[in-house]
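1. Fold the following.
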Amino acid sequence: MKNKELRDKLLNIEHLVPAVFLLLSILAWQFSGLSGTFVVNQVITRFIRDGLLVLSLIVPVVAGMGLNFAIIVGAMTAQTALLFVINFQVAGARGILLVLVLAILLSVLVGFTIGHVLNRVKGKEMIVTIVIGFLANSIYQLIFLAGFGSFIPVVNEEIILSRGIGVRNAVDLGMYRNTIDKLWLLRLGGIEVPLFMILVVLLFAGMLYYLLHTRFGQQVKAVGSSSEKAEIAGINVDLLRIKVIVLSTVLAALGQLVYLQNIGMFDVYTAHMNVDIISCAALLAGGASIKSAKIRHALIGIFLFHTLFIVSPQAGQNLFHNAALGEYFRSFVAYGTIAFALVMNIKSEDKSQEPGQRGGLR
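-> Next comes the predicted model:
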């Protein structure tokens, strides 16, 4: 009996996926030949870049809505706010504040809309958020390819294409680059630790942890456990689900702003691409599932997933003398993690249901 319990615990998705990622990361690092200092610096950078984006996925999972692939829409609202502020050439602290306000307002608006849509497709939220992401991307591309210079006035000529319509592919964020990354920068040998940004990510993680232990958080958990029982208990399920998606979208918008200012330049039409896939894969790499996600899953997952992401191309180059294999492996890891988590989640659901319960569900 004890052996069976130990085996079930080891095969549990919360322990199995992180263990696999840890093993692959160690092996790939050994074959990559990269120094530990380089890998640690890169992982810390990815942690502050992607921390809020991964954290934005937690509350929808707890609410029973699965992985919110529509966080890509939140990323697009951040980029929209940034482009409008750059167009009107508002620099410095005033510009940063204006970007934040616009990004939050836009993300609240689109989050409210997405929440209403998802209330009409309960049980199919994950696939619908993917479709919403594709639709929003088409609208975004149309606005910045055809809108700027036609019905949207152009003030900053530097970001517009030579034909006078459409935004350039790449926009420099020199006025905002590393605005907050260098605050409280601690150097330990060759390792740079941006204490302020790490504390920002941990602060948001702490706020989410606190939120999930408030009355609102208990209601979110009740809805995630059983929306029918939650309604009987007097919880407005539809309104709560909208609030959850709004919160997720706002966090994604803030996360994309942190990401872009860290890089210092962004590709207008592609910077938001794969934000959803990478963030979902990182969360799942930490041991989360589509039914359960905790703060620790996000924090652990960022380190494990991005460590493998960093070392795999060089490992592929050294092992097969072909760096392209490492790049392909990156894509395989991202999509494979999601597929593996979905399969494991279905298997765990099947095990948790008695034969009589399955028949009843049919």
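
2. for the stretch 101-250 of the chain, which spans come out with low pLDDT?
-> The model of the stretch 101-250 of the chain has pLDDT under 70 over residues 174-181.

3. where do the helices sit along it?
-> 125-142, 195-211, 215-225, 227-232, 237-263 (DSSP state H, counting those that start in this stretch).

4. quick one: Ala19 from Arg215, how far?
-> Distance from Ala19 to Arg215, counting by Cβ to Cβ, to the nearest Å: 36 Å. (Glycine included, C-beta is placed from N, CA and C.)

5. Looking at those two, which is more packed in?
-> More crowded of Ala19 and Arg215, by other Cβ atoms under 10 Å: Ala19, with 13 against 7.

6. quick one: what helix or strand has the more buried one in it?
-> Ala19 is part of helix 13-32 when elements are defined by DSSP states H and E.

7. burial measure for the closest residue to Leu308 other than its chain neighbours, as a count.
-> Of all residues not flanking Leu308 in the chain, Ser25 sits nearest, at 4.7 Å (Cβ to Cβ, 6 or more residues apart in numbering). Look at Ser25: counted by other Cβ under 10 Å, it has 23 neighbours.

8. Can you give me the distance of Ser25 to Ala339?
-> Distance from Ser25 to Ala339, by Cβ to Cβ: 19 Å.

9. cool, Phe332 as well?
-> From Phe332 across to Ala339, the span is 10 Å (Cβ to Cβ).

10. One more: Leu98?
-> Distance of Leu98 to Ala339, given as Cβ to Cβ: 41 Å.

11. which of those two has more neighbours?
-> Neighbours around Leu98 and Ala339, counted as other Cβ under 10 Å, are more numerous at Leu98. The numbers are 16 against 13.

12. Quick one: closest of the helices of the stretch 101-250 of the chain to Ile86.
-> Of all the helices of the stretch 101-250 of the chain, helix 237-263 sits nearest to Ile86, with 11.1 Å by Cβ to Cβ.

13. The closest one relative to helix 215-225, how many degrees between them?
-> On the basis of axes from the mean of the first three to the mean of the last three Cα atoms, to 10 degrees, helix 237-263 is oriented at 110 degrees to helix 215-225.

14. quick one: the strands in the stretch 51-200 of the chain?
-> 170-172, 185-188, 191-194 (DSSP state E, counting those that start in this stretch).

15. Mean neighbour count and distance to Asn156 for the ones you listed - can I get that in JSON lines?
-> Formatted as JSON lines, those follow (neighbours: other Cβ atoms under 10 Å; distance: least, Cβ to Cβ, whole Å):
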{"stretch": "strand 170-172", "mean neighbour count": "16", "distance to Asn156": "9"}
{"stretch": "strand 185-188", "mean neighbour count": "10", "distance to Asn156": "31"}
{"stretch": "strand 191-194", "mean neighbour count": "16", "distance to Asn156": "29"}
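
16. I appreciate the help and will end here.
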